[in-house]
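Enquirer: Fold the following and give me the result.
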Amino acid sequence: MPLPSEGSCGEHNPGHHPGRRRSAHLDAAWGQWEISYQLRPSFWGGGLASAMINALVEWFFSHMEEEILIAVTQDANERSTRLLERTGATFQHRFVQYGALQRQYEFRRTSRPQG
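Expert: Numbers count the residues shown, from 1 in each chain. Alright, predicted model coming up:
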């Protein structure tokens, strides 16, 4: 089954959309499926990012035969780290990319509630 809007949630609309270019995105360009997300600061703290991640992760494991979905955030981004942990991702390891320390997390099919 194809990804909705190539994996994005919503369209770019600077006046009405909380994301910059995409709110959430699925990508398999590096050989693993990865979820990424981005919101304007004015939309932080309202639960929108959690809802987006939960919906996309649920969709992913309902429609794809993959066992793992990864997420990467900068080590210094404590809000994103807490968000990933709160939505069920587990920390895997740190690595350096783009000159900054990153954290890789995993969502696993076996750790998701069955619906």
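Enquirer: Helix, strand, or coil at Val57?
Expert: For Val57, the assignment made with DSSP: H, G, I helix; E, B strand; the rest coil gives helix.
Enquirer: Show the contacting residues for it.
Expert: Applying Cβ atoms under 8 Å, 6 or more residues apart in numbering, one finds that Val57 lies in contact with Ile35, Leu69, Thr87, Gly88, Phe107, Arg112. (Glycine included, C-beta is placed from N, CA and C.)
Enquirer: Could you say which helix or strand holds the closest residue to Gln32 other than its chain neighbours?
Expert: Spatially, and ignoring its direct neighbours in sequence, Gln32 is nearest to Ile70 (5.3 Å; Cβ to Cβ, 6 or more residues apart in numbering). Using DSSP states H and E, Ile70 maps to strand 68-74.
Enquirer: for the chain, what are the low-confidence residue spans?
Expert: Scanning the chain for pLDDT under 70 picks out the ranges 1-25, 29-30, 111-115.
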